[in-house]
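Enquirer: just a sequence and a predicted model for now, questions to come.
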Amino acid sequence: MMYGESPIRLPRISHVSNSGSDFGCSSDHTSYIVHIPPTPDNNPAQVSIVLREFDFNPASVLVPSAPGDIDSGSSRKDNEPDLTDVRISEEEEEDDTLLYKISHPLTRIVKISPIIIALYRILIVVRVVSLVLFLFWRIRNPNNKAIWLWLLSVICEIWFAFSWLLDQIPKLFPVNHATDIEALKATFESPDPNNLTVKSDLPGIDVFVSTADAEKEPPLVTANTILSILSVDYPVEKLSCYISDDGGSLVTFEAMAEAASFAKIWVPFCRKHRIEPRNPESYFGLKRDPYKDKVRHDFVRERRYVKRGYEEFKVRVNALPHSIRRRSDAYNSKEEIKALEKWKHWKVKVEEDQVKEPRPALVAPKATWMSDGTHWPGTWAVPCPHHSRGDHVSIIQVLLDPPGDEPVEGKGGEGRALDFEGVDMRLPMLVYVSREKRPGYDHNKKAGAMNALVRASAIMSNGPFILNLDCDHYVYNSRAFRDGICFMMDHDGDHVSYVQFPQRFEGIDPSDRYANNNTVFFDINLRALDGIQGPMYVGTGCLFRRTALYGFNPPDVFVVEDCFPRIKKRSRATVASEPEHYIDDEDEDRFDIGLIRKQFGSSSMLVSSVKVAEFQGRPLATVYSSRRGRPPGSLTGSREPLDFATVNEAVNVISCWYEDKTEWGFNVGWIYGSVTEDVVTGFRMHEKGWRSFYCVTEPDAFRGTAPINLTDRLHQVLRWATGSVEIFFSRNNAIFAGPKLKLLQRIAYLNVGIYPFTSIFILTYCFLPPLSLFSGHFVVETLTGSFLIYLLIITLSLCGLAVLEVKWSGISLEEWWRNEQFWLIGGTSAHLVAVLQGILKVIAGIEISFTLTAKSSTGGDDEDDEFADLYLFKWTALMIPPLTIIILNIVAILFAVCRTVFSENPQWSNLLGGTFFASWVLLHMYPFAKGLMGRGGRTPTIVYVWSGLIAICLSLLYITIKNSEIDGGWFMLA
Ligand SMILES: O=c1ccn([C@@H]2O[C@H](COP(=O)(O)OP(=O)(O)O[C@H]3O[C@H](CO)[C@@H](O)[C@H](O)[C@H]3O)[C@@H](O)[C@H]2O)c(=O)[nH]1
Ligand SMILES: [Mn+2]
């Protein structure tokens, strides 16, 4: 069955049991009810068809939807009516159908113009055919005068054709998806927007934010991200936010505490005035008129007040490193005095009283102090054992307690700076987490941090969905969470493992010199994958189904022993490897807790949270719940306040040893073993047959930053390419994937693993023009008509494809070209080193570290030039190969021109061919050269070096030419 295309949907089986058992797992007193799925046009005739179909196809979607199944161990038991006898009569069935009509599909496909797509596919075929013909022609027509040149070029061309195919084939079926937030609201919340008493039945979301270094990732940026999450438009009681601090830094911790306190005015202010975006730095920095479309008379005054509040907040956060240092210095000098006194005391004691006592330390360690006068348990400014980045205890601090179920109205009236009457003041839970770090343990970089959060959050809030964001990616569109949930709650939603949002960036130079926006990837490749099995996971801005992260299989893999109506196993959750072990409804004893414990570790709270998350993530519309006597809001469970035991257990599961002998990072959670943990994690899900979706929203869902200077950018693509090589050499190579990974999806993943290797051929190819210009030969013997025609078709079809891609994706041609350029720049530098690193890892086992990308602070110091960073020049060895290529190509052109001009027997066609290719290389390298040049006007030394080099070459050239006039034919040496 194709996703989203089934015309008749299978029935859902409701299971009602009288014992209020867990998850419908036990009870000898079971009855089954069939009711009709929420298609817009159900009618009784269809019902019977569906039923009959079901008789023969027991392996359909099974969804328990009665309260007996829902029990999540919460205290709701008392107000749940006994539903043992609830059977839906035919009348009621019809009634239900009516109710189901409320729920329209929550997502739909937006067709891309069929003409463009048809043309696009035709052109792909044309190019494939002409490439094949061309390569045959090339092989059959060697250049006998320079076989080496011919051979090198043909090998490269074959590889290029292959890698182009890998990239192109998965792009055959691009689609766009759109969501319907109104339908979501109507189905899961009150259809009547004015009825605030109806509680939301939307599922819970746990938001994870990762940060790792308070210097490279300014806490102000992270704090803004947190504020944008806390103020998101989603039921507060369903939202929890976790920040993972791999730096274990007190600066980050206190910045988060500041954010939690500023949120108390920021969040209600956003709610009241519908502020967008809800990241204060961006909001107050908006260039557009803030008063447009704002009708409330108190807006101007309140905005001014909040703005002042934010400015003060900003000053406090930015001053944190300084104030913490001063505070610590003060405490430390006190400690020193104390230590000195102790020592004196000891001396006196020992000398006068002759008492044997161990000598106290004279100097106290330079601790970092919290404001309450205690030692910070994390990393200290002056690192020492048990207080350094790689060596400290687990820290969990609940900065904002979980909110209650009922709205808490704010205060208003005269004399208040902010009038929050009628505004819900509650804030989502906010938790600071810094996992334990100890030397000798592999912490598995970001993936390890995420897995610690997965476990801690399972115990503290257990949201059935998880959204993860890098610290610099904030919520730009406050309704985005709802967009994502639409895919999860849609009729086929339980097949969806994650919803990826595109990464969008701010602060990038207008011409996007180094293709930082990556629009070709985000608007072409990922959209195309959306038409197959779904976009890859790209590390940030992704909404996961918790159970998909847990390594479960999608719902069609489940076992039904007997035919309807006596279905014995009906749970859709199945453990990846041994589904039959996971849940057995008939017999509680056979529910193999042992297996889950083996995979998930020893925490019983964690183990028992698994099935609850599974159930709560199911797409169950419950507008009808009240008609069945179920209180609204009951489906997704209400939250118990955190007690000591809970937090204690959460601390327990983020310790170093917790993952020992478990499957975390292997089959459960974020997958280890690659610096691009994201691609592997998504790959594993697709491999199991899960679907993912791409959710492009207007306005952008999230926005982040990207490095705009050449050096940082090269290091970023170096990490990505290294991760790809790691994947290529691991068991996660798409070639070995199971049969559930669709073919085109597999090719796309294969491409991710292979693309860095193209760099070897790119590098070779970039040296070919100088080689041919110096030698006076060309890749073909003479420029024949067929060669030129092939070249023309291949180039034109590429241009045509580019134009069509630009058309269906909506990016600009310039962006497409920038991407091509950076492809060559990255290909000759970072990708090449990545291949070497990857091979070293495989051969010598050298570990690869995660070099963080520095994020420029919001509201940077260089006020007059937003893009000052662009001109930052930091030398890196990665620049050597492209630099050499540029110099060689320039010199070669000059050389060849001189030679041809002065030659008695000028080889014009070879000059033309060689110059054409050299110019092609140079054109691609232009942004790189610009990057080396630094800011216009300020000519850096490098230019002098260049000019010097070129001058030397030219003089050499002159001498050679002079010589060649004497003994002609020197040039024919090669
Ligand atoms: O040991 C670590 C290392 C990194 N991070 C976090 O990982 C995120 C991404 O790091 P960054 O340096 O910003 O990398 P980018 O190249 O910008 O990130 C892209 O590529 C990464 C994979 O290489 C993905 O993890 C990211 O989500 C994706 O945005 C940041 O929030 C870091 O704080 C950690 O939490 N722990
Ligand atoms: Mn980043």
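Expert: Received the coordinates, thanks. Keep in mind that this is a model prediction, so the values were computed, not measured. Ligands and ions are numbered 1, 2, ... in the order given.
Enquirer: residue 535 - that's part of a helix, no?
Expert: No. Looking at residue 535 with DSSP: H, G, I helix; E, B strand; the rest coil, it is coil, so not inside a helix.
Enquirer: and it, what does it touch?
Expert: The contact partners of residue 535, taken as CB atoms under 8 Å, 6 or more residues apart in numbering, are 500, 526, 527, 529, 682, 692, 693, 694. C-beta: built from backbone N, CA, C; applies to glycine.
Enquirer: can you list the residues of this structure near ligand 1?
Expert: 210-212, 217, 244, 246, 445-446, 449, 470-471, 539-540, 675-676, 678, 716, 719-720, 723, 850, 852-853 (CB under 6 Å from any ligand atom).
Enquirer: narrow the residues you listed to those in helices?
Expert: Using DSSP state H to define helices, the subset of the residues of the chain next to ligand 1 located there is 445, 446, 449, 678, 716, 719, 720, 723.
Enquirer: the fourth one against residue 537, yeah?
Expert: Yes. At 4.9 Å, residue 678 and residue 537 qualify as touching, with contact defined as CB atoms under 8 Å.
Enquirer: and the helices in the stretch 401-550 of the chain, which stretches?
Expert: For the stretch 401-550 of the chain, applying DSSP state H, counting those that start in this stretch gives helices covering 445-460, 480-489, 519, 526-530, 546-549.
Enquirer: what's the answer for the stretch 201-350 of the chain, then?
Expert: Using DSSP H, counting those that start in this stretch, helices in the stretch 201-350 of the chain cover 219-230, 250-273, 280-284, 299-348.
Enquirer: and if you look at the stretch 751-900 of the chain?
Expert: Using DSSP H, counting those that start in this stretch, helices in the stretch 751-900 of the chain cover 758-775, 785-809, 813-828, 830-844, 880-902.
Enquirer: lowest average pLDDT across those?
Expert: Within the helices of the stretch 751-900 of the chain, confidence is poorest for helix 880-902, with a mean of 87 (mean pLDDT).
Enquirer: so for it, what gets flagged as buried?
Expert: 881-883, 885-893, 895-896, 899-900 (16 or more other CB atoms under 10 Å).
Enquirer: now do stretch 667-680
Expert: 667-680.
Enquirer: for those residues, give me TSV that also has distance to ligand 2.
Expert: As requested, these are exported to TSV (distance: CB to the ion, whole Å):
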residue	distance to ligand 2
667	27
668	25
669	21
670	16
671	19
672	20
673	21
674	17
675	13
676	12
677	13
678	11
679	15
680	18
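Enquirer: so which of the residues you listed comes closest to residue 269?
Expert: residue 678 (34.2 Å; CB to CB).
Enquirer: which residue sits closest to the closest one, ignoring its sequence neighbours?
Expert: Residue nearest to residue 678 in three dimensions, not counting chain neighbours: residue 539, with 3.6 Å by CB to CB, 6 or more residues apart in numbering.
Enquirer: burial check on that neighbour, number of neighbours?
Expert: Neighbour count for residue 539, taken as other CB atoms under 10 Å: 23.
Enquirer: who's in contact with it?
Expert: So residue 539 contacts 446, 468, 470, 676, 677, 678 (CB under 8 Å, 6+ apart).
Enquirer: any idea how far the residue in the chain that ligand 1 sits nearest to lies from residue 850?
Expert: Closest residue of the chain to ligand 1, CB to the nearest ligand atom: residue 539 (2.3 Å). According to CB to CB, to the nearest Å, residue 539 and residue 850 sit 12 Å apart.
Enquirer: which residues are in contact with both of those two?
Expert: By CB under 8 Å, 6+ apart, the residues touching both residue 539 and residue 850 are residue 446.
Enquirer: quick check: phi and psi at the residue of the chain closest to ligand 1.
Expert: Dihedral angles of residue 539 (phi, psi; degrees, to the nearest 10) stand at phi 100, psi -30.
Enquirer: check the spatially closest residue to residue 179 that is not a sequence neighbour and give its pLDDT.
Expert: The shortest distance from residue 179 to any non-neighbouring residue, by CB to CB, 6+ apart, is to residue 486 (3.9 Å). On pLDDT, residue 486 comes in at 95.
Enquirer: so residue 486 makes contact with residue 107?
Expert: Yes. Using CB under 8 Å, residue 486 is in contact with residue 107, at 5.3 Å.
Enquirer: so what sits against both of those two?
Expert: With CB under 8 Å, 6+ apart as the test, residue 486 and residue 107 both reach 179, 180.
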